[in-house]
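**Student:** Can you look at this prediction? I've put the sequence above it.
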Amino acid sequence: MSIAENGRARGAGKGLALPGLIIGLLTGLAVYGVVEYWIDGNDDAPLGITSLFFIMTTSAAYLLLAEAGGFLKAVGGALLIAALLVAPDYFMASAAGNEIDNLSEFPSLFWFLAGRSLAAYILVTLVKASFDSGAPPAYADVFFHGMTMPLIAGGAKLIALLAVILLFAWAYLLKALDVNFFNALFQEPWFLLPFMGAIGGLSIALMRGLQSVLGALRYVLLLLCRILMLITAVFTVTLLLVLAIKGVAPVFDRPYPSAWMMGLALVGMLIFNGVYQNGEAGPPPLWLRLPALITLIGFPIYAMIAFYAFWLRIGDFGLTPPRITGLAINALIAAYSVVCIAGLVTELNWRGKRWMPLVGSLNTMMAALWVIVLAALATPLVNPWAISAKSQYARVADERVTIEEFDFGYMRFELGKYGDRMLEKMLALEDHPEIGAIRDGVKRARSAKSYWEYKNPGIVEALPEETTEN
């Protein structure tokens with residue numbers, strides 16, 4: 001740990017225990033109020049869900065950003081982070097909360113289960129680093145906080161989980177002694193949500209105060225990255241040899257080849273940055289330096305193989321929301337090849353005092369790019385349903401698929417109003433050689449009550465009339 005990092009560690013988290021408890025309690029009360037009096041049974045549920053996430057994000061970001069003497073600055077940073085996520089939150093909540101629209105759930109699930117958390121984590125890291133070194137933030141600060149934030153969040157979740165378990169264990173014990181009051185109380189949302197909020201806020205504050213523990217965990221993670229780098233390099237060399245001898249067939253014979261390639265690249269990316277650390281040190285020992293260079297060489301190859309797999313699937317079946325998300329993530333992985341090439345080029349100065357000096361600043365830029373892409377995927381700017389519908393329409397209009405093989409039900413029940421528009425547009429393809437089959441397909445999709453019914457017309461026709469009506 002550098003001198004600057006030691007200074008940050010000593011001052012972090014002081015005086016946050018009581019504010020964390022109070023802010024967590026107020027957040028829990030606000031969440032209960034929004035859920036109970038706004039979201040439930042309200043026609044404007046997406047706005048309520050957006051408000052819910054705004055409140056929770058602001059509170060969590062504030063507790064992660066706040067320092068003694070800098071509480072107002074932390075409030076501004078927390079509000080900025082939450083505000084940047086409002087538009088994607090509302091767009092995805094609107095899509096997920098309206099069953100009538102018949103939209104595929106994948107984009108909303110990806111945003112709320114993965115994309116949003118990653119974007120918020122990167123934003124908190126960048127804002128926290130900018131508090132330390134100004135804008136643009138120094139990579140040493142970005143790396144330090146980027147490693148520390150997940151440890152704080154993970155530790156806080158563990159503490160909060162243990163507290164909830166102990167609470168219910170105590171209630172169960174009292175119930176066994178015929179004292180049912182607490183068991184009933186702890187299941188009431190008006191009590192449980194504020195309690196969990198208070199415990200969550202206090203847990204974040206407590207974890208931020210355990211700087212010696214966080215420092216030990218950081219050391220263990222960095223040590224693990226050094227060990228895993230050797231394994232990653234051996235795996236990279238083995239895979240490259242297999243590809244050179246057998247081509248991509250062994251990879252493409254497995255399901256989801258693009259996902260496997262992207263997963264390898266992402267894991268390798270994390271391990272490499274764990275070895276690179278904050279960019280302030282000199283080159284590592286030769287036994288670690290060479291495996292890092294080998295791993296960097298593998299990134300562009302993984303990205304190209306994944307792109308090729310996507311290209312084949314899109315050529316056969318067109319774009320879908322999952323493929324659009326996958327392409328975007330793979331594009332980010334491919335963009336990281338610029339970082340890899342910059343690192344490899346700087347290795348021409350083998351005896352340089354700093355190791356790969358360009359990698360640090362490029363990593364900071366890549367972090368910001370990840371936020372932009374993830375947020376764009378959850379807004380009308382990159383509407384995955386609309387893009388998919390246009391792609392599927394083009395397959396029919398350009399006669400790249402026979403109408404017998406085309407899935408009109410997917411357009412109707414997975415792409416919603418965007419698919420309906422393209423179905424209507426298909427009916428205008430008067431010069432298409434299979435226009436009659438197109439009209440029949442559109443009619444069957446629109447007459448079906450569900451995607452299952454569309455895909456199983458024979459089963460539906462064989463059911464008794466009363467059953468189909470119910």
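**Tutor:** Received the coordinates, thanks. Numbering: from 1, shown residues only.

**Student:** CA atoms for contacts and neighbours, from now on please.
**Tutor:** Noted.

**Student:** okay, now G436: neighbour count?
**Tutor:** 12 (other CA atoms under 10 Å).

**Student:** Check which helix or strand it maps to.
**Tutor:** According to DSSP states H and E, G436 maps onto helix 435-447.

**Student:** list the buried ones in that helix?
**Tutor:** Residues of helix 435-447 classed as buried: 435, 438-439, 441-442, 444-446 (neighbour count, 16 or more other CA atoms under 10 Å).

**Student:** ditto for stretch 141-151
**Tutor:** Residues of stretch 141-151 classed as buried by neighbour count (16+ other CA under 10 Å): 141-149, 151.

**Student:** Quick check: the two most widely separated of those residues?
**Tutor:** D141 and L151 (15.7 Å; CA to CA).

**Student:** Name the residues of whichever strand or helix holds E424 that come out as buried.
**Tutor:** Taking DSSP H and E as the definition, E424 sits inside helix 416-426. Residues 416-423, 426 are the ones in helix 416-426 that count as buried (16+ other CA under 10 Å).

**Student:** just stretch 243-262 next, same as before
**Tutor:** In stretch 243-262, counting by 16+ other CA under 10 Å, buried: 251, 257-258, 261-262.

**Student:** Closest to W170 out of the buried residues of stretch 141-151?
**Tutor:** W170 lies nearest to L151 out of the buried residues of stretch 141-151, by CA to CA, at 28.4 Å.

**Student:** Look up the closest residue to that closest one, ignoring the ones flanking it.
**Tutor:** L214 (6.9 Å; CA to CA, 6 or more residues apart in numbering).

**Student:** contacting residues for the one you found?
**Tutor:** Shown in contact with L214 (CA atoms under 8 Å, 6 or more residues apart in numbering): 148, 151-152, 207.

**Student:** circling back: tabulate the buried residues of stretch 141-151 (JSON lines), appending secondary structure.
**Tutor:** Below are these laid out as JSON lines (DSSP: H, G, I helix; E, B strand; the rest coil):
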{"residue": "D141", "secondary structure": "helix"}
{"residue": "V142", "secondary structure": "helix"}
{"residue": "F143", "secondary structure": "helix"}
{"residue": "F144", "secondary structure": "helix"}
{"residue": "H145", "secondary structure": "helix"}
{"residue": "G146", "secondary structure": "helix"}
{"residue": "M147", "secondary structure": "helix"}
{"residue": "T148", "secondary structure": "helix"}
{"residue": "M149", "secondary structure": "helix"}
{"residue": "L151", "secondary structure": "helix"}
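
**Student:** returning to that earlier point: and the contacts of L214, which is the shakiest by pLDDT?
**Tutor:** Lowest pLDDT among the contacts of L214: M207, with 90.

**Student:** That one touches L158, doesn't it?
**Tutor:** No. Counting by CA atoms under 8 Å, L158 is not a contact partner of M207; they are 10.3 Å apart.

**Student:** higher neighbour count, those two?
**Tutor:** Between M207 and L158, counted using other CA under 10 Å, the more crowded position is M207 (21 against 14).

**Student:** what's the spacing between the more buried one and T58?
**Tutor:** Taking CA to CA, to the nearest Å as the measure, M207 falls 18 Å from T58.

**Student:** same question, Q277
**Tutor:** Taking CA to CA, one finds Q277 at 29 Å from T58.

**Student:** Show me which of those two is the more surrounded one.
**Tutor:** The residue with more neighbours, out of Q277 and T58, is T58; 22 against 18, by other CA under 10 Å.

**Student:** residues in contact with the residue lying closest to that one once chain neighbours are set aside?
**Tutor:** Nearest residue to T58 in three dimensions, chain neighbours excluded: A78, at 5.0 Å (CA to CA, 6+ apart). Going by CA under 8 Å, 6+ apart, A78 touches 57-59, 61-62, 65, 124.

**Student:** As TSV, those residues with secondary structure would be great.
**Tutor:** Below are the contacts of A78 laid out as TSV (three-state DSSP):
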residue	secondary structure
T57	helix
T58	helix
S59	helix
A61	helix
Y62	helix
L65	helix
V124	helix
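
**Student:** could I get those residues as TSV with distance to L177 and pLDDT?
**Tutor:** Listed next are these as TSV, based on distance: CA to CA, whole Å; pLDDT from 0 to 100:
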residue	distance to L177	pLDDT
T57	40	96
T58	42	96
S59	38	95
A61	42	95
Y62	42	94
L65	45	93
V124	47	96
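
**Student:** ok, so of those residues, who is nearest L223?
**Tutor:** V124 (25.0 Å).

**Student:** Would you mind measuring from the closest one to G436?
**Tutor:** 56 Å.

**Student:** again with F91
**Tutor:** Distance from F91 to G436, counting by CA to CA: 37 Å.
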